[in-house]
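Novice: Test case, fold it:
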Amino acid sequence: MRSISMHRCTVTGLAAATMLLVGCQSTPKLLDPIRAVWVTRMDYKTADDITTIMDNCQSAGFNTIIFQVRGNGTVFYPSKIEPWAEQFDFQDPGYDPLAVAIEQAHSRDMQLHAWVNVMPAWQGPNEPKESKQLYHQHPEWFWYDADGNRQPLNHVVGDQQRGWYASLNPCLPEVRKYLVRVFREIVTRYDVDGLHMDYIRFPNEPVVRGEQIPDYPHDARTLALFKKETGKTPESDPEAWNDWRTSKVTQLVSDIHRMMRRSARGKALSASVGAVRKNGLTHYQDGKAWIENGDIDAVFLMNYTPNVNEFDERITPWLEIPGKARIIPGMMVRRSGERATDLDTCQKLVDTARERTGDYCVFAYSSIFGRGERARQAEDEFGPAFATYLNSLASADVAEAKP
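Specialist: Numbering: from 1, shown residues only. Reported below is the predicted structural model:
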């Protein structure tokens with residue numbers, strides 16, 4: 001197992017000391033090994049909730065907290081750009097969740113990475129009540145189909161109402177510029193250890209299997225940009241159309257990376273990516289290109305299969321990509337439903353991730369500890385047993401790191 005990386009520089013003299021400050025600070029300081037967990041925006045409401053979360057994460061031996069602070073164009077910190085989250089009724093809750101989370105994590109020697117949903121800009125059956133929300137402020141930035149219809153907030157499938165994220169269109173340069181600005185606010189105002197991007201892709205999967213999704217986006221401006229850059233139309237060259245949309249997501253990643261290197265030296269840029277690359281490409285996400293381009297410090301594989309052999313096989317292609325990015329296998333822990341994972345399987349998934357990369361990330365915090373009124377009961381054996389197992393691994397890492 002690797003010991004904690006210190007990023008040492010050996011220099012002398014005043015000029016060399018300056019190089020030390022600039023050079024070392026510009027290198028993202030990811031812990032080694034990474035024992036991470038995703039904490040969703042639904043997992044907390046009050047400052048006390050956040051304290052409890054950090055206590056629990058520490059007890060399970062996690063050293064890296066992926067803490068969600070942006071869901072769909074609303075945020076969990078006081079922003080000059082976007083409104084407070086709908087979970088707070090678009091109002092200041094009287095405290096700064098991100099600031100509290102950072103303080104609580106750092107006081108326990110854990111890293112805190114701000115987790116942001118990138119493309120989603122609203123979700124729900126109704127339009128946001130807040131007039132300053134993106135849905136109202138910039139309707140032209142959302143998806144439109146070939147008939148000029150805006151992506152619906154919800155729709156009927158059979159006899160059921162189904163909703164999905166109404167998303168921003170990254171093919172538009174003004175959208176990419178806006179998102180960079182939003183993320184710059186986070187990494188420059190807060191002592192986060194990194195920025196973690198989720199939904200850095202087109203959320204164009206069907207809610208119900210077999211449902212047909214329009215070929216978004218088909219607004220006039222997007223089609224004109226594609227025509228100008230390629231001389232083609234989506235109908236004349238569907239492959240070029242797919243590649244072009246993929247390139248715009250990749251360009252956004254590159255834009256965010258450049259901002260981080262200019263404005264947030266020493267802070268890591270990471271992303272959640274589909275564990276199977278060809279599946280990611282159907283959402284115009286090319287994590288392989290991000291690694292090869294040097295635009296990402298770490299990719300967290302959403303390797304959400306309970307099959308240990310399949311979990312293992314999915315990791316291999318990522319380790320073969322040339323580049324310096326860390327590959328952190330993420331596994332899903334479910335306590336109910338058709339994809340529920342038992343304790344033995346969860347332990348094997350973690351063991352496999354550590355054997356292949358040294359690192360792991362668990363989705364999600366609430367699957368171990370519950371949340372709010374649904375927090376785990378004393379008779380629930382899974383959560384405490386899994387947390388105890390993870391803590392034993394952390395203790396072994398610490399013991400191994402000692403000289």
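
Novice: Tell me who's in contact with residue 247.
Specialist: Contact analysis of residue 247 by C-beta atoms under 8 Å, 6 or more residues apart in numbering lists nothing. Any C-beta I mention is one placed from the backbone N, CA and C, and that applies to glycine too.

Novice: Helix or strand for it, just tell me which one.
Specialist: helix 238-263 (DSSP states H and E).

Novice: chain center to that helix: distance?
Specialist: 16 Å (C-alpha atoms, centre = their mean, to the nearest Å).

Novice: and that helix, which residues are buried?
Specialist: Neighbour-count burial for helix 238-263 flags 240-241, 244-246, 248-250, 252-257, 259-260 (criterion: 16 or more other C-beta atoms under 10 Å).

Novice: can you check stretch 127-134 too?
Specialist: Across stretch 127-134, burial judged by 16+ other C-beta under 10 Å covers 128, 130, 133-134.

Novice: Helices - which of these land there?
Specialist: Cross-referencing the buried residues of stretch 127-134 against helices under DSSP state H gives residue 134.

Novice: Which two among the buried residues of stretch 127-134 are spaced furthest apart?
Specialist: The largest separation in the buried residues of stretch 127-134, counting by C-beta to C-beta, is between 130 and 134 at 9.8 Å.

Novice: before we move on, back to that, pLDDT added to the buried residues of stretch 127-134, as JSON lines?
Specialist: Shown next, in JSON lines, are these (pLDDT from 0 to 100):
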{"residue": "128", "pLDDT": "97"}
{"residue": "130", "pLDDT": "98"}
{"residue": "133", "pLDDT": "98"}
{"residue": "134", "pLDDT": "98"}
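
Novice: Could you export the buried residues of stretch 127-134 as JSON lines, including distance to residue 313?
Specialist: What follows is the buried residues of stretch 127-134, written out as JSON lines (distance: C-beta to C-beta, whole Å):
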{"residue": "128", "distance to residue 313": "42"}
{"residue": "130", "distance to residue 313": "45"}
{"residue": "133", "distance to residue 313": "42"}
{"residue": "134", "distance to residue 313": "39"}
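
Novice: show me where the stretch 51-200 of the chain has strands.
Specialist: Assigned by DSSP state E, counting those that start in this stretch, the strands in the stretch 51-200 of the chain fall at 64-70, 111-117, 120-122, 154-157, 160-163, 166-167, 194-198.

Novice: Okay, and the nearest residue to residue 244 once chain neighbours are set aside sits in which element?
Specialist: The shortest distance from residue 244 to any non-neighbouring residue, by C-beta to C-beta, 6 or more residues apart in numbering, is to residue 226 (5.6 Å). Residue 226 is part of helix 220-230, with elements assigned from DSSP H and E.

Novice: That helix packs against which elements?
Specialist: helix 238-263 (3 or more C-beta pairs under 8 Å, 6 or more residues apart in numbering; DSSP states H and E).

Novice: The helix it packs on: what's the following helix or strand?
Specialist: Counting by DSSP H and E, the next helix or strand C-terminal to helix 238-263 is strand 268-274.

Novice: Give the buried residues for the following helix or strand past that following strand.
Specialist: Sequence-wise, the next helix or strand downstream of strand 268-274 (DSSP H and E) is helix 277-281. Buried residues in helix 277-281, defined by neighbour count with 16+ other C-beta under 10 Å: 277, 280-281.

Novice: Could you do stretch 73-84 as well?
Specialist: So for stretch 73-84, counting by 16+ other C-beta under 10 Å, buried means 73-77, 79, 82-84.

Novice: related to what we said a few turns ago, tell me the one among the buried residues of helix 238-263 nearest to residue 111.
Specialist: Distance ranking of these against residue 111, using C-beta to C-beta, places residue 260 first at 15.6 Å.

Novice: any idea how far that closest one is from residue 304?
Specialist: Look at residue 260 and residue 304: by C-beta to C-beta, to the nearest Å, they are 27 Å apart.

Novice: One more: residue 177?
Specialist: Here residue 177 is placed at a distance of 32 Å from residue 304 (C-beta to C-beta).

Novice: More neighbours: these two, which one.
Specialist: A direct count of neighbours by other C-beta atoms under 10 Å for residue 177 and residue 304 places residue 304 higher, at 18 against 11.

Novice: OK, contacts around residue 50?
Specialist: Applying C-beta under 8 Å, 6+ apart, the residues near residue 50 are 44, 97, 100-101, 104.

Novice: Looks to me like it is in a helix.
Specialist: Yes. Assessed with DSSP: H, G, I helix; E, B strand; the rest coil, residue 50 lies in a helix.

Novice: ok, it to residue 371 distance?
Specialist: From residue 50 to residue 371 the distance is 12 Å (C-beta to C-beta).

Novice: Pull up the overlap in contacts between these two.
Specialist: What both residue 50 and residue 371 touch, as defined by C-beta under 8 Å, 6+ apart, is the set residue 44.

Novice: what's near enough to touch residue 119?
Specialist: Going by C-beta under 8 Å, 6+ apart, the list of residues near residue 119 reads 165, 167-168, 170, 199-203.

Novice: try 7 Å this time
Specialist: Counting by C-beta atoms under 7 Å, 6 or more residues apart in numbering, residue 119 touches 167-168, 170, 199, 201-203.
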